[in-house]
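**Student:** Sequence and predicted structure are below.
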Amino acid sequence: MYPKSISNLIEAFKYFPGIGEKTAERMAFHVLGMDKIQTDFLAESINNVKAKIKRCQICNNFTENDCCSICEDKLRNGDYLCIVEDPKTVISIEKLGIFHGYYHVLNGLITSTNGINPEDIRLDKLIKRIENSNFKEIIIAVKPCLEGEMTALYISNILSGMNITVSRLASGIPMGADMEYIDPMTLEKAFDNRKKISYNETTNS
């Protein structure tokens with residue numbers, strides 16, 4: 001029905017999550033209506049994302065440099081480390097402006113049914129970072145689902161022998177919800193009311 005170049009563009013848009021045939025067609029025809037400056041910018045932006053974006057050597061967040069801007073910010077509170085599932089969650093929390101510590105991004109969650117084990121999400125890198133730092137509290141901010149609970153429990157068990165508090169975001173976040181879709185007020189309350197899931201008695205002394 002369409003010239004090959006349009007058909008290819010429609011198929012390309014269908015790679016995006018939630019984009020079906022009709023929406024992909026509308027997007028393709030919208031591109032046809034854009035001027036060359038806009039389409040060149042669109043194409044360049046897509047190519048740059050693939051060519052320039054890499055993972056931060058320290059926290060595993062997205063960056064164009066060896067280290068992300070958060071890890072390079074010496075003014076942040078070094079007492080707190082927030083563990084998240086993906087870089088999108090970092091952005092969601094940063095937009096709130098309520099957390100001023102550092103982050104560590106996992107490569108997903110432990111999922112035994114799909115064969116995703118602790119080594120697959122690079123927990124060894126996280127543990128080594130904690131051992132070589134002076135964090136006082138580890139905040140686990142992964143989505144509340146079976147995989148999230150399993151990952152949080154695994155991390156807290158590993159850290160149980162260290163002189164460090166491990167906390168989990170408070171309830172109020174729906175089970176199975178993606179962190180990026182949680183409204184700001186709910187996420188802020190979850191941070192404020194986070195609950196300890198592991199605590200070394202020596203921190204009371």
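**Tutor:** Cool, got the structure.
**Student:** State the distance from the most centrally placed residue in the chain to T23.
**Tutor:** The centre of the chain sits closest to D86, judged by Cα atoms, centre = their mean, with a distance of 2.1 Å. The spacing between D86 and T23, counted by Cβ to Cβ, to the nearest Å, is 24 Å. C-beta coordinates here come from the backbone N, C-alpha and C atoms, glycine included.
**Student:** Please apply the same query to I98.
**Tutor:** From I98 over to T23 (counting by Cβ to Cβ), the distance is 35 Å.
**Student:** distance of the nearest residue to the residue nearest to the centre of the chain once chain neighbours are set aside from I138?
**Tutor:** Using Cβ to Cβ, 6 or more residues apart in numbering and skipping residues adjacent in sequence, the residue nearest D86 is V105, 6.4 Å away. According to Cβ to Cβ, V105 stands 14 Å off from I138.
**Student:** Repeat that for V166.
**Tutor:** 5 Å.
**Student:** what residues are shared contacts of these two?
**Tutor:** Shared contacts of V166 and I138 (Cβ atoms under 8 Å, 6 or more residues apart in numbering): I155, L159.
**Student:** wait, the residue nearest to D86 sits on L81?
**Tutor:** No. Contact status for V105 versus L81: not in contact, 11.2 Å apart, counting by Cβ atoms under 8 Å.
**Student:** Can you give me the buried ones in the longest helix along the chain?
**Tutor:** Counting by DSSP state H, the longest helix found in the chain is helix 36-52. By 16 or more other Cβ atoms under 10 Å, helix 36-52 has no buried positions at all.
**Student:** The following helix or strand past it packs against which elements?
**Tutor:** Next helix or strand after helix 36-52 toward the C-terminus (DSSP states H and E): strand 54-55. Applying 3 or more Cβ pairs under 8 Å, 6 or more residues apart in numbering; DSSP states H and E, one finds that strand 54-55 contacts strand 62-63.
**Student:** neighbouring strands for the strand it packs on, and are they parallel or not?
**Tutor:** As defined by DSSP bridges, the strand partners of strand 62-63 come to strand 54-55 (antiparallel).
**Student:** contact partners of the strand it pairs with?
**Tutor:** Contacts of strand 54-55 (Cβ under 8 Å, 6+ apart): N61, F62, T63, E64, V105.
**Student:** Pipe these into JSON lines and attach pLDDT, neighbour count and distance to G161 per row.
**Tutor:** Converted to JSON lines, those look like this (pLDDT from 0 to 100; neighbours: other Cβ atoms under 10 Å; distance: Cβ to Cβ, whole Å):
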{"residue": "N61", "pLDDT": "96", "neighbour count": "22", "distance to G161": "27"}
{"residue": "F62", "pLDDT": "96", "neighbour count": "16", "distance to G161": "32"}
{"residue": "T63", "pLDDT": "97", "neighbour count": "21", "distance to G161": "32"}
{"residue": "E64", "pLDDT": "96", "neighbour count": "12", "distance to G161": "37"}
{"residue": "V105", "pLDDT": "96", "neighbour count": "24", "distance to G161": "24"}
